[in-house]
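> Model the following, please.
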Amino acid sequence: MTTASSSPQSIIDKASAFYDSCVLFTASDLGVFAYLAEHPDSDVARLAVGLALNPRGATLLLDACVALDLLSKTDGRYANTNAAQAFLVPGAPGDLSGAIRYNRDVYAAWGKLADFTRHGKPVEAPEIHLGQDAERTRTFVLSMHYRALGIGRAVVPMLDLADCETLLDVGGGPGTYSALIAQANPNLRCTVLDLPDVANIANELIAQQGLSDRVSTLPGNYRTTEFPPSQDVVHFFGVLHQESPESIQSLFKKAFASLKPGGRIHVMDLMTDATHTSPKFSALFAVNMALTTENGWVFSDDELVRWLGQAGFHAMAVQSLPAPMPHWIVTARKPE
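Residues are numbered from 1 along each chain as shown. A predicted model of the protein is given here:
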């Protein structure tokens, strides 16, 4: 007799999970959700003409979207579900269509997981999305921007920065977190330290938000570039999961030296428990980072607190971000 614990269904589901991802990426890239936001209850013939698709191919894709609860289908006409309308239509308040393009771009790398496991090296050069390939770099930075917009709206209210005037955002990418923080704290000036090609795109995004007077970029490599002195706050938001333990400890020492007495450090990232196997998403994301960066992984909250203490920080506090975000934020202080 086959019991629930011995059923093959969970194995089959895992083996087929990439079907879901590919349907989602393709429908988003082809503009299906955007089209149906403007032309709800369209049939295949109308949508195929509007998006220049093959009718048979469009039918199979749209029906797959219905099966995944991304679209509804009534009398041969399709419409976005509430979730698709809220999160997959470009320009919607909760738009994730830009954010998921990062997942799409690393999709091919996951097919080379066996290669990584054999030799332990990234299966694609990290430089591809950090300046070497202009299109991949722009897609990466914009994806990080859209992700940060969602995460930032949850994390910024958790930060008490009322008495702060200077903030260094290390590896701040598109500068989105700094922009959101500056909007919430009118007396604060932020500096985003990141690679030159990334910083150029960040400058565009910061200017679009009208914050160039209070959010600036410092082009450089945070591993070698000196951190500006006399900072009230140093942030490492979503950056340390590509660094080795030794590099993280070195960066914390640099942050400690750049802070004023009593200054604070905030680290926001995915983290695991001490076993490095839970939460599930963090354990899988560790693999994702290892596929695309030299030292990618996900550390535990205990390890992070220990490294902060070794760098001289005290008064550590650990908080989880509100669900469904799988992130944690750790805060600490430099002694007075």
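
> Please identify the buried residues of stretch 114-124?
Buried residues in stretch 114-124, defined by neighbour count with 16 or more other CB atoms under 10 Å: Phe116, Pro122, Val123, Glu124. C-beta here means a position set from N, CA and C on the backbone, and glycine is covered the same way.

> my bad, should have said stretch 24-40
Neighbour-count burial for stretch 24-40 [16+ other CB under 10 Å]: Leu24, Phe25, Ala27, Ser28, Leu30, Gly31, Val32, Phe33, Ala34, Tyr35, Leu36, Ala37.

> a markdown table for those residues, including secondary structure, distance to Ala255 and pLDDT?
Shown next, in a markdown table, are the buried residues of stretch 24-40 (DSSP: H, G, I helix; E, B strand; the rest coil; distance: CB to CB, whole Å; pLDDT from 0 to 100):
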| residue | secondary structure | distance to Ala255 | pLDDT |
| --- | --- | --- | --- |
| Leu24 | helix | 38 | 98 |
| Phe25 | helix | 37 | 96 |
| Ala27 | helix | 42 | 98 |
| Ser28 | helix | 37 | 97 |
| Leu30 | helix | 44 | 98 |
| Gly31 | coil | 43 | 97 |
| Val32 | helix | 44 | 98 |
| Phe33 | helix | 41 | 98 |
| Ala34 | helix | 42 | 98 |
| Tyr35 | helix | 47 | 98 |
| Leu36 | helix | 47 | 98 |
| Ala37 | helix | 44 | 98 |
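
> Export the residues you listed to JSON lines and append columns for distance to Gln9.
What follows is the buried residues of stretch 24-40, written out as JSON lines (distance: CB to CB, whole Å):
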{"residue": "Leu24", "distance to Gln9": "22"}
{"residue": "Phe25", "distance to Gln9": "25"}
{"residue": "Ala27", "distance to Gln9": "26"}
{"residue": "Ser28", "distance to Gln9": "28"}
{"residue": "Leu30", "distance to Gln9": "31"}
{"residue": "Gly31", "distance to Gln9": "34"}
{"residue": "Val32", "distance to Gln9": "29"}
{"residue": "Phe33", "distance to Gln9": "30"}
{"residue": "Ala34", "distance to Gln9": "35"}
{"residue": "Tyr35", "distance to Gln9": "35"}
{"residue": "Leu36", "distance to Gln9": "32"}
{"residue": "Ala37", "distance to Gln9": "35"}
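
> ok, which pair from those is furthest apart?
Phe25 and Ala37 (18.0 Å; CB to CB).

> Is Tyr78 in contact with Ala64, as I believe?
No: checked against CB atoms under 8 Å, the pair Tyr78 and Ala64 is beyond contact range at 11.5 Å.

> between these two, who's got more neighbours?
Each of Tyr78 and Ala64 has its neighbours counted (other CB atoms under 10 Å); Tyr78 has more, 26 against 18.

> Am I right that that one sits in a helix?
No: going by DSSP: H, G, I helix; E, B strand; the rest coil, the assignment for Tyr78 is strand, not a helix.

> Spit out the contact partners of it.
Taking CB atoms under 8 Å, 6 or more residues apart in numbering, we find Tyr78 in contact with Leu36, Asp41, Ser42, Asp43, Val44, Leu47, Leu62, Cys65, Val66, Leu71, Ser72.

> now swap in Asn221 and tell me
Leu195.

> gap between it and Leu195?
6 Å (CB to CB, to the nearest Å).

> got it, and Phe256?
Using CB to CB, one obtains 23 Å as the distance from Phe256 to Leu195.

> Likewise for Ser230?
Ser230 sits 24 Å away from Leu195, taking CB to CB as the criterion.

> Leu211 too?
According to CB to CB, Leu211 stands 20 Å off from Leu195.

> Could you do Phe285 as well?
Separation of Phe285 from Leu195 (CB to CB): 22 Å.

> ok, now Ala286?
From Ala286 to Leu195 the distance is 23 Å (CB to CB).

> And for Leu180?
Following CB to CB, the distance that separates Leu180 from Leu195 is 21 Å.

> Next: Leu188.
Here the criterion is CB to CB. By it, Leu188 lies 24 Å from Leu195.

> Tell me the helix or strand right after the lengthiest strand in the chain.
Counting residues, the longest strand found in the chain (DSSP state E) is strand 259-270. With elements assigned by DSSP states H and E, the helix or strand that comes after strand 259-270 is helix 280-292.

> Okay, buried residues for that following helix please.
Ser282, Ala283, Phe285, Ala286, Val287, Asn288, Met289, Ala290, Leu291, Thr292.
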